[in-house]
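Asker: everything below, folded, please.
(one chain, ligands or ions: 2)
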Amino acid sequence: RDTSVTDPATILHQVFGFPGFRGVQEQVVGRVMAGRHTAAIMPTGAGKSLCYQLPALARPGTGLVISPLIALMHDQVRAATALGIRAATLTSADDNRAETIARFRDGALDLLYAAPERASQAGFRDLVARVPLSLIAIDEAHCVSEWGHDFRPDYRLLRPLLDAFPEVPRLALTATADAHTRADILAQLGIPEDGLIVAGFDRPNIRYTVTPRDGIGKQLGQLVQRIPGPGIVYAATRDMTEKLAAQLGAGGRAVRAYHAGLDPAVRQRNQADFVASEEMVMVATIAFGMGIDKPDVRFVAHAGLPKSIEGYYQETGRAGRDGEPAEAHLFWGAEDFARARRRVEAEVEEARRPGERTRLNALAALVESPGCRRAILLRHFGETPPETCGNCDNCLAPPATVDATEIARKLLSA
Ligand code: ADP
Ligand code: MG
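Answerer: Ligands and ions are numbered 1, 2, ... in the order given. The predicted structure is shown next:
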């Protein structure tokens, strides 16, 4: 790439090939270009990567990117390299670490991706101190918050690195942050309140439907028969994933499974098959999906309760990224809540229980509500949506009478 070009709009066209910025991208990039600490809350698929990649190219120095998952980092580097961006990862999985460090020191990298456990080490700080940085991006920044749904203690240790380079603009990025998590991100990462930029969360082309579970194999069978395009079914366990994949496959649909118990080569092949297919169903645990760029997913189904509203939003957000109509189906049972409640009380450390309980209650409100599902989701992310959206089960067919006693019975009996 031509490193003499430093104008953001030119880089947007020449390197990324995009006709323009999308949504708040321009605002975020503008702030980072001005060297100011920023937190961007943007939905999945909104284009968060560009918000740090572009300023990293436009500003002098190397952009340091903190990311929680090695697989995610490798995907990002592959995609960036294909655009001519000089990017590398520095992780335990790389055997070319010495070479990467040399390139970094020589100023020959636009982007360096590292995991928080490495970035928080004093030795890494010493290395970074010898290289000018264009920015420090903290991807999946909700991991810094104990209140968030995916707390990673290593994110807490990043602060000394950030404070060692106060002049380097830091950019926290996440799709998933309620008000509490948001405040945490700002406080933990030392970002001023006026640095918070929140994008609209609505995905109007996704139709939300929530259904009590009643023979999940049959329910999913009907769904995949009705929707011929690619879809993702999320199941809670590896066993369930295999079982549902076999059931749907027996119905004649092209199906793959994805979970952490599969051989990595098989997992990768299944993922590649799915991305290439125009009809395949992927039955997966939530290990699947982060960082996968498949715009034509026509439905996302949850065979059981998601972990949180944030998780639900993020997972269903993988449907319809091309803007065409897509569906999100959540099949839940009272036993899901009972199991989740037992887990919180038995396995979650005490300090985190209130947050987990709040999360479960928010999910209960979503599945029980006779009102607009989209409105509940959007309010959760701090937006003030209209009362009805016209594109969820409850708006399309308002429940005639709400059988609250029946719901209460189901919730209590499990
Ligand atoms: P996120 O991290 O917010 O989920 P990504 O950074 O992975 O999103 O981007 C999602 C998709 O949007 C990618 O395919 C990316 O190439 C595309 N994209 C990003 N910015 C733009 C833009 N300004 N115009 C068109 N497409 C864009
Ligand atoms: Mg991303």
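Asker: close to ligand 1, is the helix or strand Thr89 falls within?
Answerer: Here Thr89 is covered by strand 87-90, with elements defined by DSSP states H and E. No. Strand 87-90 does not reach ligand 1 (C-beta under 6 Å from any ligand atom); its nearest approach is 13.7 Å. (Each C-beta comes from the backbone N, C-alpha and C, glycine too.)
Asker: neighbouring strands - and their directions - for that strand?
Answerer: Strand 87-90 pairs in its sheet with strand 111-114 (parallel), by DSSP bridges.
Asker: which of the three states applies to Ser49?
Answerer: State at Ser49, reduced to three classes by DSSP: H, G, I helix; E, B strand; the rest coil: helix.
Asker: pull the contacting residues for it.
Answerer: Listed by C-beta atoms under 8 Å, 6 or more residues apart in numbering, the contact set of Ser49 reads Gln76, Ala79.
Asker: after the strand holding Thr89 comes which helix or strand?
Answerer: Next along from strand 87-90, by DSSP H and E: helix 97-105.
Asker: SS state for Pro43?
Answerer: coil.
Asker: distance of it relative to Val275?
Answerer: 21 Å (C-beta to C-beta, to the nearest Å).
Asker: these two - which one has more neighbours?
Answerer: Taking other C-beta atoms under 10 Å, Pro43 and Val275 do not tie; Pro43 has more neighbours (19 against 15).
Asker: poorly predicted segments of this protein, please.
Answerer: By pLDDT under 70, the weakly predicted segments of the chain are 291, 401-408, 412-414.
Asker: can you show me the CA trace of the strand holding Thr89 as PDB?
Answerer: Provided in PDB are the C-alpha atoms of strand 87-90 (Å, rounded to 0.1, in the frame of the first residue of the first chain):
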ATOM      1  CA  ALA A  87      -0.700  -6.500   9.900                       C
ATOM      2  CA  ALA A  88       0.500  -9.200  12.200                       C
ATOM      3  CA  THR A  89      -0.500 -11.000  15.400                       C
ATOM      4  CA  LEU A  90       1.800 -11.600  18.400                       C
END
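Asker: what's it in contact with?
Answerer: So strand 87-90 is contacted by 70, 73-74, 76-77, 80-81, 97, 100-101, 103-104, 109-114, 118 (C-beta under 8 Å, 6+ apart).
Asker: just the buried residues from the residues you listed, in PyMOL please.
Answerer: Selection of buried members from the contacts of strand 87-90 for PyMOL, criterion 16 or more other C-beta atoms under 10 Å:
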select buried, resi 73+74+76+77+80+100+101+103+104+109+110+111+112+113+114
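Asker: and the contacts of strand 87-90 near ligand 1, which?
Answerer: Okay, of those, nothing touches ligand 1 (C-beta under 6 Å from any ligand atom).
Asker: which SS class is the residue of the stretch 201-350 of the chain found nearest ligand 1?
Answerer: Ligand 1 sits closest to Asp293 of the stretch 201-350 of the chain, with a gap of 4.8 Å, by C-beta to the nearest ligand atom. Here Asp293 takes the coil state, with states given by three-state DSSP.
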